[in-house]
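Participant: For reference, the sequence and a predicted model appear below.
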Amino acid sequence: MSGSSGDGGPSEKARLRGDVLARRRARGAEERARVGSAVRDALMGVPWLAMGGTVACYYSVGGEPGTRKLVTALWKRGTYVLLPVFLPGGDLDWAAFDGPEGLAPAGHGLVEPTGHRYGPGALARADAVVCPALAVDRNGNRLGRGAGCYDRALAHKGPHTPAIALVHDDELVDSLPAEPHDRPVDAVLTPGGGLRVFAGGVWPGGDDTV
Ligand SMILES: Nc1nc2c(c(=O)[nH]1)N(C=O)[C@@H](CNc1ccc(C(=O)N[C@@H](CCC(=O)O)C(=O)O)cc1)CN2
Ligand SMILES: Nc1ncnc2c1ncn2[C@@H]1O[C@H](COP(=O)(O)OP(=O)(O)OP(=O)(O)O)[C@@H](O)[C@H]1O
């Protein structure tokens, strides 16, 4: 294992991030479009999620599992969509998606909403939090970009609000290194495998409503 300790800590996470990012860069336009449609179709097929309310999502860039079709579909359905704004230091602020004109390129290659920011605590009003991830394991451990943004942000969500991570099929792995500050997600969505709720994960109405 090239220069990393394999101790389940930060250096092993860094190696895993590099592997996933390289695979994501290699995914072509056709696959990216197919993934974005699958993500939209799977989540719009969850009745409680697509019937109004508030959903915190991310606005995908680069090789991330696409959320742009999902964000547009939720918004057109009348769902209030919150998108993150990266704050120096690693906290996330939240602003509403109000159509593509209300978005602008931001630092780190991100595209962010330009409207009113409601503060990190706005996540408390979300009925679901759709999280970016580089990988997820079968216990719901999530590997992020490494700034701890979502580990911090998820502390603001309600205890019965599911956090749903989006990953490509090969990014759902048996086991990931977990550190004490890591916050697991409740469910994972992969384009090929659909939506899966983890044992112990919260889900409105129980697992059978997936
Ligand atoms: N589309 C999208 N939006 C998102 C996230 C995400 O993963 N995807 N985030 C999820 O947390 C937050 C932004 N998180 C970030 C975390 C780290 C770095 C950062 O330090 N980047 C370094 C190099 C590493 C990298 O690019 O990953 C840099 O750009 O210099 C930037 C943003 C909020 N918005
Ligand atoms: N609740 C927290 N408060 C302050 N710092 C935190 C918190 N959680 C994590 N961090 C910091 O963030 C750093 C990155 O953590 P980690 O590698 O687990 O990020 P990640 O989960 O992959 O990324 P992200 O949460 O942004 O998607 C850690 O070194 C840790 O110090």
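Facilitator: Thanks, I have the structure now. Ligands and ions are numbered 1, 2, ... in the order given.

Participant: Ligand 1 contacts on the protein?
Facilitator: 58-61, 64, 84, 86, 92, 108, 110, 132, 144-145, 147, 149-150 (CB under 6 Å from any ligand atom). Where you see a C-beta, it was placed from the backbone N, CA and C, and this is true even at glycine.

Participant: of the residues you listed, buried ones?
Facilitator: Taking 16 or more other CB atoms under 10 Å as the criterion, what is buried in those is 58-61, 64, 84, 86, 92, 110, 132, 144, 149-150.

Participant: Residue 142 bridge partners, please.
Facilitator: Applying DSSP bridges to residue 142 yields these beta-bridge partners: residue 136.

Participant: Wait, it touches residue 181, no?
Facilitator: No: look at residue 142 against residue 181 with CB atoms under 8 Å: they stay out of range, at 11.8 Å.

Participant: Residue in the protein with the shortest distance to ligand 2?
Facilitator: residue 144 (1.7 Å; CB to the nearest ligand atom).

Participant: is it true that residue 58 lies in a helix?
Facilitator: No: using DSSP: H, G, I helix; E, B strand; the rest coil, the assignment for residue 58 is coil, not a helix.

Participant: before we move on, the earlier item: the residue of the chain closest to ligand 2 contacts residue 152, doesn't it?
Facilitator: No: using CB under 8 Å, residue 144 makes no contact with residue 152, being 10.4 Å away.

Participant: which residues do these two both contact?
Facilitator: Overlap of the contact sets of residue 144 and residue 152 (by CB atoms under 8 Å, 6 or more residues apart in numbering) is empty.

Participant: where does residue 51 land on pLDDT?
Facilitator: Turning to residue 51, the model gives it a pLDDT of 82.

Participant: and it, how far is that from residue 146?
Facilitator: Distance check for residue 51 against residue 146: by CB to CB, to the nearest Å, it reads 35 Å.

Participant: swap in residue 43?
Facilitator: Computed as CB to CB, the residue 43 to residue 146 distance reads 26 Å.

Participant: for the chain, where's the lowest mean pLDDT among helices and strands?
Facilitator: Ranked by mean pLDDT, DSSP states H and E, the weakest helix or strand in the chain is helix 47-50, scoring a mean of 89.

Participant: who touches it?
Facilitator: 43, 44, 55, 73, 74, 77, 79, 127, 128, 204, 205, 209.

Participant: ok, the fifth one - how many residues close by?
Facilitator: Counted with other CB atoms under 10 Å, residues neighbouring residue 74 total 26.
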